[in-house]
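[1] Below are the sequence and a predicted model; questions follow.
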Amino acid sequence: MESSELYFAIFFTTSGAIRFNRFLRNNNIVAEVKPVPRNISTSCAVGVEFYYKGDLSMLLIQDIKQLYNIKSNQYILKYAKSH
């Protein structure tokens with residue numbers, strides 16, 4: 001059985017992060033709004049950390065700027081969108 005993986009999403013706006021967090025929770029996906037780690041962005045912003053298994057393309061909403069998979073405290077870029 002495939003286990004959930006840990007991800008961190010960065011957004012163009014704070015409201016985008018809040019909407020995405022609400023979307024995940026409404027779909028029974030464990031998620032939490034957190035400050036963006038300094039090792040992936042120097043901006044003072046919030047992102048959403050969440051556990052997910054399945055097709056990531058199902059979660060790629062317009063507001064997502066970058067999506068990282070977190071493994072062994074390493075942030076692996078999985079998706080990036082220019083504004």
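    Great, that's in hand.

[2] per-residue confidence at the closest residue to F23 other than its chain neighbours?
    Leaving aside its sequence neighbours, F23 sits nearest to I61 (C-beta to C-beta, 6 or more residues apart in numbering; 7.3 Å). To be clear about C-beta, it is placed using only N, CA and C from the backbone, and glycine gets the same treatment. pLDDT for I61: 89.

[3] can I assume I61 sits in a helix?
    No - remark: I61 does not belong to a helix; assigned using DSSP: H, G, I helix; E, B strand; the rest coil, it is coil.

[4] contacting residues around L56?
    Contact analysis of L56 by C-beta atoms under 8 Å, 6 or more residues apart in numbering lists Y7, L67, K78, Y79.

[5] S82 should be in a strand, yeah?
    No - assessed with three-state DSSP, S82 is coil; it does not lie in a strand.

[6] can you tell me how far it sits from Q66?
    Per C-beta to C-beta, to the nearest Å, S82 is found 10 Å from Q66.

[7] Over to G16?
    Distance, G16 to Q66, by C-beta to C-beta: 12 Å.

[8] what ranges do the helices span in the chain?
    14-26 (DSSP state H).

[9] Just give me the residue closest to the centre of it.
    Closest residue to the average C-alpha location of the chain: A9 at 2.0 Å, with C-alpha atoms, centre = their mean.

[10] Test my guess that it contacts L67.
    Yes - with contacts counted by C-beta atoms under 8 Å, A9 reaches L67, the gap being 5.1 Å.

[11] List the residue ranges of this structure that fall below the pLDDT cut-off.
    For the chain, the stretches with pLDDT under 70 are 1-2, 83.

[12] Which residue ranges of this structure form strands?
    Listed in chain order, the strands of the chain (DSSP state E) span 5-11, 31-35, 46-52, 64-71, 74-80.

[13] Looking at S82 and Q66, which is more packed in?
    Ranked by neighbour count (other C-beta atoms under 10 Å), S82 and Q66 place Q66 first, with 19 against 4.

[14] Verify the stated contact: that one with A80.
    Yes - using C-beta under 8 Å, Q66 is in contact with A80, at 5.0 Å.
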